[in-house]
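# quick check, what structure comes out for this input:
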Amino acid sequence: MSTAQDPATRARARLAGLISDAMDGQISAAEILTARGTLTELGVTSLALLRLADILEEEYGLELDLADPEFYRQSVDSLAVRLSGDGDRESHE
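Below is the predicted model of the structure:
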């Protein structure tokens, strides 16, 4: 049995940690991984979103437009798909 994770699963786990860090630990990575909904529905504040956008740009080269209302409707899953390099595919779970 292999313990290797697919890129989307690794990206989702890493993203959950980054979101938790951006929120100064107010929500744990484990809580983020089990939650559903948008980042704002999870309670991610505008300051934490700004921190997260900076981290994602720095670590992954992913530019997020904070002026785009769609950014605030992103979920952990939709961002993880972008981070894993599968941004052209939609995730339907």
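# okay, now residue 7: neighbour count?
As a burial measure, residue 7 scores 13 neighbours (other CB atoms under 10 Å). From N, CA and C alone the C-beta is placed, and that goes for glycine too.
# shouldn't it be in contact with residue 85?
Yes - contact status for residue 7 versus residue 85: in contact at 6.6 Å, counting by CB atoms under 8 Å.
# break down this protein into its helices, ranges please.
Along the chain, counting by DSSP state H, helices occupy 7-22, 29-34, 46-60, 76-83.
# closest to residue 68 out of these?
Closest approach to residue 68 among the helices of the chain (CB to CB): helix 46-60, 10.8 Å.
# tilt between that closest one and helix 76-83?
30 degrees (axes from the mean of the first three to the mean of the last three CA atoms, to 10 degrees).
# mind listing what's buried in helix 46-60?
Under the neighbour-count criterion of 16 or more other CB atoms under 10 Å, helix 46-60 has 48, 49, 51, 52, 53, 55, 56, 60 buried.
# with stretch 33-42 instead?
Going by neighbour count (16+ other CB under 10 Å), the buried part of stretch 33-42 is 33, 39, 40, 42.
# for the closest residue to residue 60 other than its chain neighbours, give me its contacts.
Leaving aside its chain neighbours, residue 60 sits nearest to residue 83 (5.7 Å; criterion: CB to CB, 6 or more residues apart in numbering). By CB atoms under 8 Å, 6 or more residues apart in numbering, the contact set of residue 83 is 11, 14, 15, 56, 60, 62.
# how much space separates the closest residue to the third one other than its chain neighbours from residue 64?
Distances taken as CB to CB, 6+ apart put residue 80 closest to residue 15, at 5.2 Å, once the chain neighbours are dropped. For residue 80, the distance to residue 64 equals 14 Å [CB to CB, to the nearest Å].
# so which of those two has more stuff around it?
Between residue 80 and residue 64, counted using other CB under 10 Å, residue 80 has the larger neighbour count: 22 against 17.
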